[in-house]
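Participant: Generate a structure from the sequence data that follows.
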Amino acid sequence: MLDTITGVTRPIDPAASQFPASYTASYVSAQRVDSDEVTAREARSDARHFIVCGDTSLAYRLVGELATRYLADVTVILADPAAGHGPSMARMNRVHIVQAAQPDATAFRAARLNAAEAVALVSRNDVGNVYAALQAQELCPGIRLVLRVHNSTLGQKVGALFTDAQVLSDVEIAAPSFVGASLGAPGATIVRVGSSVAHVTTRSDVAGHEVLCGLAIATGVEEPVLLPAEEEKADLVLALDVAEHPDPVPPVPRHGLRRLYRNVYRALLSPGASPLVSRTIVVALTFLALIVLTGIGLFWAAVGSSLWHATYLMLFTSVGAGNVDLRLSGWAQIVQTIVTLAGVAMIPLLSAAIVQASVHARLALPPGALVAPERGHVVVVGLSNLGTRVVQELHDRGVEVVAIDHDENAFGSAYVRDKKIHFIVGDASRQSTLDRANVTAAAALVVLTSDDVVNLEYALRGQELRENLRVVLRLFDGNFADRVKSVFNITISRSVSYLAAPAFAAGMVGREVIGTIGVRRRVLLVAEVPVVEGSSLVGRCVADVYESGEARAIALLGSGSDDIDWRPGEQEILAVGDRLIVVATRAGLSHILGRSAHTNSV
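Facilitator: Next up, the predicted model:
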């Protein structure tokens with residue numbers, strides 16, 4: 001039985017009832033589509049056509065980029081259109097859903113693979129993405145493929161299997177933004193162009209001749225002003241020579257003596273030290289200390305000397321250094337005797353407490369493990385693929401890190417143990433866990449689990465311990481992030497899919513995104529744009545690429561040359577074969593790519 005809604009034929013099933021008639025997208029079953037329907041759908045649209053496989057947050061963002069920024073028709077292959085991001089994608093204009101258990105030959109035919117410019121495989125399964133890409137290439141040799149591959153070793157080898165493929169990792173694209181936010185220094189974000197390196201920093205931290213481009217006015221405004229017309233007003237800039245600038249946070253030495261000192265200190269004084277010293281010793285030491293303090297007060301009253309004199313004499317008496325004085329009154333002699341006996345008993349008890357605490361502290365730690373640093377470290381919650389990447393980049397920079405995960409066998413657990421990074425297995429919403437990580441003295445708390453609500457819970461717990469703690473959140477939902485900012489005063493939030501989707505979209509239209517720059521909840525892209533024969537850029541000057549708030553050209557590579565001309569002259573004429581390096585918003589890049597591809601009218 002078939003139902004017709006807005007001129008689109010689709011099968012009726014229980015899941016279909018969840019899609020209201022106002023949906024402008026359609027979905028069809030890959031098992032029921034026929035060639036006549038495919039031909040009819042092809043005839044209805046002359047727009048660019050892309051295929052996206054996967055029901056992930058990245059797929060959702062990518063579909064939105066292609067449909068809204070590039071005005072393309074997008075077919076999404078999903079196992080269940082009524083689950084996950086399926087309903088949200090189905091609501092988008094220009095989006096069609098093909099229901100299939102997996103992206104196979106039947107699904108690709110239903111998605112009109114022969115009419116598609118490119119296919120994106122963005123599920124969480126690396127092997128599944130590669131297998132589906134091989135099937136797509138077999139059905140349509142030469143089709144452009146964009147693959148999401150988490151495993152960097154696998155990713156380096158995958159490209160050789162395909163004629164035209166771009167292998168990307170959303171985590172590698174997004175991680176520098178989280179690292180920069182956690183250090184409170186935009187200079188942690190770098191962009192590599194050939195053999196040159198540029199970095200994001202504040203204008204006051206670099207010389208004027210190093211500045212390539214003013215990126216944003218980010219200070220003193222509610223929302224950042226991207227690529228302002230008056231570049232000199234931008235306080236966030238892109239500058240050359242990152243090597244001349246030291247790491248934002250200097251390395252903290254990891255010496256054995258310092259580690260031993262921390263072990264003993266935490267064993268005796270930290271809130272979690274009570275299990276390390278037996279309760280009997282603690283009670284006995286407390287009782288004897290009270291005797292000494294009482295003796296000081298009584299001796300002061302009996303002799304009539306100064307408080308300092310009484311304290312000085314009783315402390316020396318407690319360690320056996322007092323002298324017999326028969327001239328003292330009877331009360332004073334009694335007090336001196338009691339304090340001496342208390343001191344004799346206290347010394348061995350104190351020695352026993354130190355030995356016991358030290359031994360227990362060593363036994364409680366895995367061999368070679370580090371205790372949490374005293375200050376200036378970064379606490380990372382969640383050792384998923386992203387959390388592990390952030391920990392790795394911080395560790396490589398010499399920043400001390402404390403990792404927290406509820407699963408002792410989490411994705412990055414082997415890495416942190418191998419690098420002897422302090423790893424706490426526990427619930428980060430519990431104060432005891434955050435105390436063990438010494439969050440109150442940390443430089444930042446970075447929360448990177450895959451659940452927005454859980455991330456917020458952990459962040460609020462951290463803020464309770466220290467009000468001005470820098471908190472970096474991984475939040476997918478942009479509206480939720482805005483509410484978090486206004487209600488809880490947590491201003492640093494990032495989304496992996498939001499940062500990575502523009503790079504995947506650019507890869508699908510055949511353009512390479514060199515890097516992404518996160519500016520609060522917005523993204524700037526650094527991309528290479530070729531000047532091809534017949535495009536509207538041929539014969540135009542570099543200044544024509546400038547669009548206030550949208551795009552800036554920062555470098556030019558001449559035809560057949562790898563030499564980079566940083567800051568090309570505004571009146572320099574573009575020729576076929578030239579390659580522009582631009583910084584642009586997503587809309588700005590979409591516009592430039594359109595100009596680089598469209599044919600001039602005669």
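
Participant: drop to CA atoms for contacts and neighbour counts, all remaining ones
Facilitator: OK.

Participant: what residue lies at the spatial centre of the chain?
Facilitator: The centroid of the chain falls nearest to residue 178 when counting by Cα atoms, centre = their mean (3.5 Å).

Participant: Excluding sequence neighbours, find me the nearest residue to residue 72.
Facilitator: residue 48 (4.8 Å; Cα to Cα, 6 or more residues apart in numbering).

Participant: for the stretch 451-600 of the chain, what spans make up the helices?
Facilitator: 452-465, 478-488, 496-508, 586-597 (DSSP state H, counting those that start in this stretch).

Participant: Quick one: mean pLDDT for the shortest one?
Facilitator: Think helix 478-488. Here helix 478-488 scores 71 as its mean pLDDT.

Participant: And for the third one?
Facilitator: Summarised as a single mean, pLDDT over helix 496-508 is 86.

Participant: Compute the inter-axis angle for it and helix 586-597.
Facilitator: Per axes from the mean of the first three to the mean of the last three Cα atoms, to 10 degrees, the angle that helix 496-508 makes with helix 586-597 is 10 degrees.

Participant: and what of the first one?
Facilitator: Relative orientation of helix 452-465 and helix 586-597, computed by the same axes, to 10 degrees: 130 degrees.

Participant: counting contacts, what elements does helix 452-465 pack onto?
Facilitator: In terms of contacts (3 or more Cα pairs under 8 Å, 6 or more residues apart in numbering; DSSP states H and E), helix 452-465 is packed against strand 444-447, strand 470-474.

Participant: What's the separation between the closest residue to residue 54 other than its chain neighbours and residue 199?
Facilitator: Sequence neighbours aside, residue 123 is the residue nearest to residue 54 in space, at 4.5 Å (criterion: Cα to Cα, 6+ apart). To residue 199, residue 123 is 31 Å away according to Cα to Cα, to the nearest Å.

Participant: Comparing the two, which shows the higher neighbour count?
Facilitator: Set residue 123 next to residue 199 and count neighbours by other Cα atoms under 10 Å: residue 199 wins out with 23 against 20.

Participant: A strand includes that one, no?
Facilitator: Yes: applying DSSP: H, G, I helix; E, B strand; the rest coil, one finds residue 199 inside a strand.

Participant: what is it paired to in the beta sheet?
Facilitator: According to DSSP bridges, the partner residues bridging residue 199 are residue 190, residue 239.

Participant: residues in contact with the residue nearest to residue 503 when sequence neighbours are not counted?
Facilitator: Leaving aside its sequence neighbours, residue 503 sits nearest to residue 513 (Cα to Cα, 6+ apart; 5.4 Å). Contact analysis of residue 513 by Cα atoms under 8 Å, 6 or more residues apart in numbering lists 503, 506-507, 525-528.

Participant: switch to 6 Å and redo it
Facilitator: Residues counted as contacts of residue 513 (Cα atoms under 6 Å, 6 or more residues apart in numbering) are 503, 526-527.

Participant: Most tightly packed of the helices and strands packed on helix 452-465?
Facilitator: Mean neighbour count (mean count of other Cα atoms under 10 Å) peaks for strand 444-447 among the helices and strands packed on helix 452-465, with a mean of 27.

Participant: surely residue 470 meets residue 441?
Facilitator: No: in terms of Cα atoms under 6 Å, residue 470 does not count as a neighbour of residue 441; the distance is 10.9 Å.

Participant: and residue 205, how many neighbours?
Facilitator: Residue 205: 12 neighbours (other Cα under 10 Å).

Participant: Distance of it relative to residue 149?
Facilitator: Residue 205 is 36 Å from residue 149, by Cα to Cα.

Participant: Over to residue 52?
Facilitator: 15 Å.

Participant: For the stretch 351-500 of the chain, which segments are assigned as strands?
Facilitator: 378-381, 401-405, 422-425, 444-447, 470-474, 492-494 (DSSP state E, counting those that start in this stretch).

Participant: Show me what the fourth one pairs with in its sheet, parallel or antiparallel.
Facilitator: Spelled out, that is strand 444-447. So strand 444-447, judged by DSSP bridges, has these partners: strand 378-381 (parallel), strand 470-474 (parallel).

Participant: what sits up against it?
Facilitator: Here strand 444-447 makes contact (Cα under 6 Å, 6+ apart) with 182, 378-381, 455, 470-473.

Participant: Using TSV, lay out the residues you listed together with pLDDT and distance to residue 569.
Facilitator: Below are the contacts of strand 444-447 laid out as TSV (pLDDT from 0 to 100; distance: Cα to Cα, whole Å):
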residue	pLDDT	distance to residue 569
182	85	37
378	93	43
379	93	45
380	95	44
381	94	47
455	87	47
470	88	41
471	88	42
472	88	39
473	87	41
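
Participant: Which of these sits closest to residue 406?
Facilitator: Nearest to residue 406 among the contacts of strand 444-447: residue 381, at 9.1 Å, using Cα to Cα.

Participant: So what sits opposite the closest one in the bridge?
Facilitator: Beta-bridge partners of residue 381, as defined by DSSP bridges: residue 404, residue 447.

Participant: what separates it from residue 407, distance-wise?
Facilitator: 11 Å.

Participant: and those two? which has more neighbours close in?
Facilitator: Neighbour count, other Cα under 10 Å: between residue 381 and residue 407, residue 381 has more, with 27 against 14.

Participant: how close does the more buried one get to residue 557?
Facilitator: 42 Å.

Participant: How about the secondary structure of residue 154?
Facilitator: Look at residue 154: counting by three-state DSSP, its state is helix.

Participant: Report how many residues lie close to it.
Facilitator: Residues near residue 154, counting by other Cα under 10 Å: 14.

Participant: can you check the one 5 residues further on too?
Facilitator: Per other Cα under 10 Å, the neighbour tally for residue 159 reads 17.

Participant: cool, residue 126 as well?
Facilitator: 17.

Participant: I'd like the distance between the residue nearest to it when sequence neighbours are not counted and residue 170.
Facilitator: Nearest residue to residue 126, sequence neighbours excluded (Cα to Cα, 6+ apart): residue 149, at 5.2 Å. Going from residue 149 to residue 170 by Cα to Cα gives 8 Å.

Participant: Which of these two has more residues huddled nearby?
Facilitator: residue 149 (26 against 21).

Participant: Report whether the expected contact of residue 573 with residue 538 is present.
Facilitator: No: using Cα under 6 Å, residue 573 is not in contact with residue 538; the gap is 8.0 Å.

Participant: The two - which one has more neighbours?
Facilitator: Neighbour comparison, residue 573 and residue 538: the larger count goes to residue 538, with 19 against 16 (by other Cα under 10 Å).

Participant: so what's the closest residue to residue 233 other than its chain neighbours up against?
Facilitator: Ranked by Cα to Cα, 6+ apart and with sequence neighbours excluded, the top spatial neighbour of residue 233 is residue 217, at 6.7 Å. By Cα under 6 Å, 6+ apart, the residues touching residue 217 are 224-225, 234-235.

Participant: Ramachandran angles for residue 217?
Facilitator: Residue 217 has phi and psi values of phi -90, psi 110 when expressed as degrees, to the nearest 10.

Participant: What residues are bridge-paired with it?
Facilitator: Under the criterion used here (DSSP bridges), residue 217 is bridged to residue 225.

Participant: Appreciated, that's everything.
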